[in-house]
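Participant: This is a predicted model, with the sequence first.
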Protein chains: 2
Amino acid sequence: MARWDSLEQEQCSVARTVAVIGDRWSVLILRDCFLRVRRFEEFQSRLGAPRHILADRLKKLVHFGVLRRAPYQDKPARYEYILTQKGLDLYPVMMAIVHWGDVHMVDERGRPLLHEHKNCGKVFDPVLVCSECGQPIRAKEVHVHAGPGAAEGAAEELAARASASPARSR
Amino acid sequence: MARWDSLEQEQCSVARTVAVIGDRWSVLILRDCFLRVRRFEEFQSRLGAPRHILADRLKKLVHFGVLRRAPYQDKPARYEYILTQKGLDLYPVMMAIVHWGDVHMVDERGRPLLHEHKNCGKVFDPVLVCSECGQPIRAKEVHVHAGPGAAEGAAEELAARASASPARSR
DNA sequence: GCATATAGTTCGAAAATCGAACTGTCAATA
DNA sequence: TATTGACAGTTCGATTTTCGAACTATATGC
């Protein structure tokens, strides 16, 4: 992953997130974390991943503060991997991924899992809404600005791109 | 990607989504798509990806119906890559990724990009809410059931896991 | 005839991943 | 006491992917 370390430095929140969870095993590990899997052997048997790859990914997720490695017994020392708050904050990413898969990738048998919101007691879908007005968000209703951490020239480039080619020709 | 083709077959919406967008370049390509990039050369110069890898990923995204390859001129024939509805539906995934990066991976200079909701005119954050009651969703407030497309034994396994280890010991 | 633009393809070298076997610690069993 | 089993990794050679650089193909403009 030598080349990919530079992603962390990029002036882009997608790139920086991809540096953390942008490989297949990491996403699957996190899926299992949200299903309360915590131990090496259990990750391994569920995922079928090569053991050293699993060890590497767990190490990396700990390094990035997404998981923490907590002892659950001495003699012999054993550790389990638990989501930190930073890791728990990936829940919207996971749910968005699950929902897209539920809508676009299911077979004729339907969804593998259903999600029930304990607060209201109903099976639900996750919906992405605007923090300010509460309405669902669609790509075309969003305008992108350069923020304080933008790269040089990003503002101009975004402006040019926004005016070019009016959204859709056909 | 020989081994990963089997992900598509798995009884899990995360795995099936990962089969489509589960590598680094694909996510970065999609980021650029949502910023209205459409042409091979522009993807290539923005991403710096090896050209054959880019070609391969674009081919795959078209194969999965996330992008379509549309001609924009004859003589010589030239094509551009445009998000389909299936691709546009990945917007919540992208926004969730961006937001996590904004919160957890920014440097001292702040967010690279700001998102303005045209409907309400404000800079916003994406929030994941319950489709049924409209409240924001947290991982601990969700109970997972086996759905109609679940694997054999999934229901029992989930039930066992839900009762085990009451959420957090320390 | 030659440079430029666009969208790829080809190829050998380098890096990541693979499966299988091995290591180390300790408890329980024979 | 020797052996087996559970757990959490590490090591290793073979395979697969990715990398960077060069090359191909089509057409326009000088």
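Facilitator: In hand now; what should we look at?
Participant: what does the helix or strand containing A:Lys59 rub up against?
Facilitator: According to DSSP states H and E, A:Lys59 maps onto helix A:51-63. Under the criterion C-beta atoms under 8 Å, 6 or more residues apart in numbering or on different chains, residues A:20, A:23, A:25-26, A:29-30, A:40, A:43-44, A:47, A:49, A:67-69, A:81, A:87 lie in contact with helix A:51-63. (Each C-beta comes from the backbone N, C-alpha and C, glycine too.)
Participant: and it, C-alpha only, in PDB?
Facilitator: In PDB, the C-alpha atoms belonging to helix A:51-63 read as follows (Å, rounded to 0.1, in the frame of the first residue of the first chain):
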ATOM      1  CA  ARG A  51      -4.800 -14.400   8.100                       C
ATOM      2  CA  HIS A  52      -1.900 -12.000   7.600                       C
ATOM      3  CA  ILE A  53      -4.100  -9.700   5.500                       C
ATOM      4  CA  LEU A  54      -6.700  -9.700   8.200                       C
ATOM      5  CA  ALA A  55      -4.000  -8.900  10.800                       C
ATOM      6  CA  ASP A  56      -2.700  -6.100   8.600                       C
ATOM      7  CA  ARG A  57      -6.100  -4.500   8.100                       C
ATOM      8  CA  LEU A  58      -7.000  -4.700  11.800                       C
ATOM      9  CA  LYS A  59      -3.600  -3.100  12.500                       C
ATOM     10  CA  LYS A  60      -4.400  -0.300  10.100                       C
ATOM     11  CA  LEU A  61      -7.900   0.300  11.300                       C
ATOM     12  CA  VAL A  62      -6.500   0.600  14.900                       C
ATOM     13  CA  HIS A  63      -3.800   2.900  13.600                       C
END
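Participant: which of the residues in that helix are buried?
Facilitator: A:54, A:57-58, A:60-62 (16 or more other C-beta atoms under 10 Å in any protein chain shown).
Participant: Next, format those residues as CSV and append pLDDT and distance to DNA strand C.
Facilitator: Output for the buried residues of helix A:51-63, formatted as CSV (pLDDT from 0 to 100; distance: C-beta to the nearest atom of the strand, whole Å):
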residue, pLDDT, distance to DNA strand C
A:Leu54, 98, 8
A:Arg57, 98, 8
A:Leu58, 98, 13
A:Lys60, 97, 10
A:Leu61, 98, 14
A:Val62, 98, 16
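Participant: Closest to A:Glu156 out of those?
Facilitator: Nearest to A:Glu156, judged by C-beta to C-beta, of these is A:Lys60 at 36.0 Å.
Participant: Next one: that closest one from A:Arg36, what distance?
Facilitator: A:Lys60 sits 21 Å away from A:Arg36, going by C-beta to C-beta, to the nearest Å.
Participant: Show me which residues of chain A are close to DNA strand C?
Facilitator: Applying C-beta under 7 Å from any atom of the strand, we find that chain A lies next to DNA strand C at A:1-4, A:23, A:25, A:48-53, A:56, A:75-76.
Participant: Can you tell me the element A:Trp100 falls in?
Facilitator: Taking DSSP H and E as the definition, one finds A:Trp100 inside helix A:91-104.
Participant: With just CA atoms, put whichever helix or strand comes after that helix into CSV.
Facilitator: Beyond helix A:91-104 on the C-terminal side, the first helix or strand identified by DSSP H and E is strand A:113-117. Output in CSV follows, covering the C-alpha atoms of strand A:113-117 (Å, rounded to 0.1, in the frame of the first residue of the first chain):
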residue,chain,number,x,y,z
LEU,A,113,-31.1,-8.1,6.2
LEU,A,114,-33.8,-5.9,7.5
HIS,A,115,-33.2,-3.0,9.8
GLU,A,116,-35.5,-2.0,12.6
HIS,A,117,-35.4,1.4,14.2
